[in-house]
Each structure stands twice: as C-alpha cells, then as structure tokens.
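Undergrad: no sequence on this one, just coordinates:
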Ligand code: FAD
C-alpha cells in the first residue's frame, strides 16, 4: 500500500453507506467537507432494504418507526418522507403453552391473574433498573460489573416467579430484540437496549415500537441521502485495507485507493476484522471485537391476495411464545392489498430454522402463521425469507451485542477514536441503539467528532 501522505481525494472517507455512514457523510457535507462514501454492496442502506411484492414496496430489513424516535422523525421531515400507521385494528391472538389460541382486545394478552401480576412486577423492576442506566454510558452504572456478570436468564429465574411471565419476558427481550438466547447476553446488555428506547413499554408495546412505517419503504431514507451526495457515494466498493497515521488515511478497495484526512468507519463492529489496518489497531480494539457478535434473525414476509384476517375481525397481530413462529404482524401496504404478514424467526428459532430443509422450514412457518391468524395462512401467494446471518456485509441482526461481561470490559472502546479513525453504527450508539434512530445519532456524532479532531 502507498504512503498516507499525498494529494487528498477528500477530507473524510466514510466506509459503509448504511444509515449511520450516510448521516455522517450528510452532516460532514453540510459543514463544507468533501466526502467519499465507499459501500461494499451494490445498494445503499445496509440493514434497511426495500423490495417489491406484487408491485407494492415491502422491507426486508428495518422498517418500523416509533413516536419517541425524535431524530428519525426530524430526518424524515427533512427528506420529505411520510409515515403511515401500521395496521392493527381488530383482535389480537395469544397462543398458550398447550397450543390453544385466545383472541383478545387491547394491549394485554389474557395470561391469568398470577402471570399478569408477576409480569407487571418484573417489567416494573426492569424499568426501574433501566431508568438508572445512561444509554450513552451503561458501563458507568455503579453496579455495572455485577449487572454485566449476570445473564438475563439468571435474572429471570431469580426475579420472576411465574413461569408464563418469565417465558413472555424472555420471548420479548431475547427473541424480540437481542435475537440471542437469554443465557448468552447480560442483564446489563438487555437493560441498555431498554434504556436506549426509553423504557419497557416503549420497547415491548407494539402500538409504540411498531407504530409507523415509511411510505415507499424505509430504504428511501438512505436512498434520498445518497441521491443528494451524488457521485460521492461509490457502490460495489468493499474496503479491504486502511493505512492510517498522523497525515491521514489511505483507504483501499479492490480497484481504487483514496487519500483523506480522516475516516468514519460505519460498519457493524463484528465486521471490523474483515479490514486490514496498517499499522494494526491497538490490541484492546481487536479484543473488543472478539467479544461482540450479531444476533440471528430470519425475516419472513408471507403474501396473500387480500389481508383475509381483517375479514374475520383480526388485526393480524399475534404472539405464541412457545411456537416456532412466535410473533406476527399485518405488514400490508397502506392501500391494504396485497395482504402481507411479517414475522421474525430469532435466536434459537433462527438457529433451528437454519438447520431445516427449505421445504420443512416453509411448512413450519405456514403452520405457525395458521395457528395465529387462521388456516387461510397456509395458502400464500408467496413467502419471502431473508436470513441476515447469510448477508456477507452484515452477518446477522438486528444488532451486534456483547457476550456476558463484555459490555463493561469493552463497550466504551468501540466508540473510541484511534488517530484519524472514527466509528459509527447503530450497534455502538446509545439512545436508539439497535434501531435506525441509533444509526442516525451515531452517524451525526461521528461527524461532530471529525470536526472536533481538526
Ligand atoms: P448497516 O445498515 O449495517 O450499515 C453498514 C454498511 O456498511 C452496510 O451498507 C454494509 O454493506 C457496509 N459495509 C460493511 N463492510 C464494509 C466494507 N468493508 N467496505 C464498505 N462497506 C461495508 N430498526 C428499526 O428502527 N426499526 C425496525 O423495525 C427494525 N427492524 C429490523 C429488522 C431486521 C430484519 C433488521 C436486519 C434490522 C432491523 N432494524 C430495525 C435495525 C436497523 O435496520 C439498523 O439499526 C440500521 O439500519 C443500522 O444502520 P447502520 O448504518 O448502523 O448499519
């Protein structure tokens, strides 16, 4: 690789054109910097990715926007994008441990009074702990080491008396967000995600966390930002190596080499090791990456000519904590047709699904959907599945999280600037972490850090 010194192609090179990298580039451009964004894929957006289903936009990655995600709402307004309310009129369905389906109205599944009391008190305990945590620095909590040494599963066993309440909380946090088995992440890790969303209700109540979707699909956000950046965004350009020093950075792809003063590396932290750094990154940075991994999730879209469940008074929303398919939502476009159900096979369910044949997996998915919304779910027009672990430039989802004890040991390190190298992505953000909101905040924070470094 050539010397770092030389004519500069840009003030800042951004690696990765996900929401974080593009928000960094947008803020840097607004401050008058020349930027180049190098993106490995042949599209922008990373973990947000639009597709079309029977002529209507659908999302294969991140999609829902919550009312409390303030940066997200501000960015949508700046880009001229609109939201529509996710459909959830009608009854919900809860499938219990015996496989019996219960229809219910409103927020709370009919668990029985003992489980309801136990769930409410455990959720309140989680909320109280999360309220003590600064989402920007969870490692600073006075009991951080203790909370990080306790697995979420161990906490469930000690603190939650009722089996059903425990199973539900596990399904919601482990299956719904961490996308890892509950014995593999710490209580502190879980609390960080809760704190990042502003509390348990914000994270677990579909009317809040799954409130709205972007008209035209969420990938329009990065697409609009990239359009404004124009030729500065280079697709199909995986960064292979970065030479860095006092004089700046030289970033190399297979076909080109760019010189710049600083770099914002906006890729998931589990992928940092795919780039060769010269000189090597400090040892603590390499160690940090070895303690973090993506969760496992397969996103499923089942397509029907019409949202048949609505005709039966169902919202399309259902929960089956003991089922192969644990959750389902109506994901039909604003006009209502085609009917689309969305589900996620996460954590153990994802690992199980990955070992099944495609046919067996599809049968199990359709069976699970039928238990939640009725037998007509067995006859879709199409079923789309994306296993995010198979995506070379992500390797899992929704977010990279630490093994037990890793957040306190290495969490702060992942954000630490190393000479001219700055870091961004949702996985290392505070407020909104794991979500598009966190990616926006992280990108803007990296741009501000670049300005501070001059
Ligand atoms: P990424 O999107 O991962 O961007 C990183 C970019 O870096 C990618 O484009 C990648 O291709 C690129 N890259 C990697 N390596 C290199 C390299 N060597 N050289 C160049 N480029 C490289 N969030 C929500 O808010 N609401 C939701 O409903 C929601 N649901 C989700 C459902 C699924 C199935 C998934 C996968 C995610 C979901 N999320 C959701 C999370 C949300 O999508 C992410 O938080 C957000 O998109 C992450 O953005 P990012 O820029 O931090 O990272």
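TA: Yep, it's here. Here the structure is a predicted model, which is why all the values come from computation and not from measurement. Numbering: from 1, shown residues only.
Undergrad: now the strands for the stretch 301-450 of the chain?
TA: Assigned by DSSP state E, counting those that start in this stretch, the strands in the stretch 301-450 of the chain fall at 314-319, 327-330, 339-346, 382-387, 400-402, 421-423.
Undergrad: let's have these in JSON lines, adding mean pLDDT, distance to the ligand and mean neighbour count.
TA: All C-beta atoms are positioned from the backbone trio N, CA, C, and that covers glycine. Shown next, in JSON lines, are the strands of the stretch 301-450 of the chain (pLDDT from 0 to 100; distance: least, C-beta to the nearest ligand atom, whole Å; neighbours: other C-beta atoms under 10 Å):
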{"stretch": "strand 314-319", "mean pLDDT": "97", "distance to the ligand": "14", "mean neighbour count": "24"}
{"stretch": "strand 327-330", "mean pLDDT": "98", "distance to the ligand": "10", "mean neighbour count": "24"}
{"stretch": "strand 339-346", "mean pLDDT": "98", "distance to the ligand": "7", "mean neighbour count": "25"}
{"stretch": "strand 382-387", "mean pLDDT": "98", "distance to the ligand": "7", "mean neighbour count": "16"}
{"stretch": "strand 400-402", "mean pLDDT": "97", "distance to the ligand": "9", "mean neighbour count": "26"}
{"stretch": "strand 421-423", "mean pLDDT": "98", "distance to the ligand": "10", "mean neighbour count": "23"}
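Undergrad: indicate which one of those strands is closest to residue 289.
TA: Between residue 289 and the strands of the stretch 301-450 of the chain, the shortest gap by C-beta to C-beta is with strand 400-402, which sits at 9.1 Å.
Undergrad: contacting residues around that closest one?
TA: The contact list for strand 400-402 (C-beta atoms under 8 Å, 6 or more residues apart in numbering) reads 178, 180, 185-186, 189, 268-270, 291-295, 410-411, 427.
Undergrad: each with direction, which strands does that strand pair with?
TA: Looking at strand 400-402 with DSSP bridges, its partner strands are strand 292-294 (antiparallel).
Undergrad: rounded mean pLDDT for the partner strand, please.
TA: Average pLDDT, strand 292-294: 96.
Undergrad: that one near the ligand anywhere?
TA: No: if you take C-beta under 6 Å from any ligand atom as the test, strand 292-294 misses the ligand, and the best it gets is 9.3 Å.
Undergrad: now which of the contacts of strand 400-402 would you call buried?
TA: By neighbour count, with 16 or more other C-beta atoms under 10 Å, those hold 178, 180, 185-186, 189, 268-270, 291-295, 410-411, 427 as buried.
Undergrad: return the closest of those with respect to the ligand.
TA: The ligand lies nearest to residue 268 out of the buried ones among the contacts of strand 400-402, by C-beta to the nearest ligand atom, at 5.0 Å.
Undergrad: pLDDT wise, what is that closest one at?
TA: Residue 268 is assigned a pLDDT of 97 by the prediction.
Undergrad: still on that earlier bit, got the strands of the stretch 301-450 of the chain as CSV, with distance to residue 437 columns?
TA: CSV is the format used below for the strands of the stretch 301-450 of the chain (distance: least, C-beta to C-beta, whole Å):
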stretch, distance to residue 437
strand 314-319, 22
strand 327-330, 19
strand 339-346, 19
strand 382-387, 22
strand 400-402, 17
strand 421-423, 18
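Undergrad: how about those, which one is nearest residue 44?
TA: Minimum separation from residue 44 across these (C-beta to C-beta) falls at strand 382-387, 17.0 Å.
Undergrad: one step back: which one of the strands of the stretch 301-450 of the chain lies nearest to residue 132?
TA: strand 400-402 (19.2 Å).
Undergrad: list the buried residues for stretch 175-194?
TA: Under 16+ other C-beta under 10 Å, the buried positions of stretch 175-194 are 175-182, 184-194.
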